[in-house]
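> need a structure here:
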Amino acid sequence: MTNNKSKKINLWIPLLLLLFNIIFTSFLVEELLDATEPNYGYLGFLTPIVALISFLYIKKFKRENLSYLLRILQGLNWFFIIFPIAVFMSFVLAFL
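Next up is the predicted model:
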């Protein structure tokens, strides 16, 4: 007899990673708006790493039909992956 337990996703892990991404992105946006001391804008570049971890976690435990919350989280993960890279590339292109 086989034990056919399906892995269940812990929703608090992607939500906690979303909270970290929001905090890190707010540091990046604050740095873009006002570059006075203290500077924590470099923490904004951690968001692609945290978003990739959350993206892969959700993808690992995905079911056939994702709930709307998980779809929204996956969309936000894509945003948190692309936004800091786009900011970095705009600075690179500005100083060429």
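> Give me the buried positions along the helix or strand where residue 47 lies.
Using DSSP states H and E, residue 47 sits in helix 47-60. In terms of neighbour count (16 or more other C-beta atoms under 10 Å), helix 47-60 has its buried residues at 47, 48, 50, 51, 54, 55, 57, 58. C-betas here are computed from N, CA, C, even on glycine.
> That helix: what's the following helix or strand?
Trace forward from helix 47-60 with DSSP H and E and the next one is helix 68-94.
> how much does that following helix deviate in direction from helix 47-60?
150 degrees (axes from the mean of the first three to the mean of the last three C-alpha atoms, to 10 degrees).
> Who are the packing partners of helix 68-94?
Helix 68-94 is packed against helix 12-33, helix 47-60, with contacts defined by 3 or more C-beta pairs under 8 Å, 6 or more residues apart in numbering; DSSP states H and E.
> what's the closest of those to residue 93?
helix 12-33 (15.3 Å; C-beta to C-beta).
> for the helices and strands packed on helix 68-94, which one sits closest to residue 91?
Comparing the helices and strands packed on helix 68-94 by C-beta to C-beta, helix 12-33 comes nearest, at 9.7 Å.
> Point out the other helices and strands that the closest one packs with.
Under the contact criterion of 3+ C-beta pairs under 8 Å, 6+ apart, helix 12-33 touches helix 47-60, helix 68-94.
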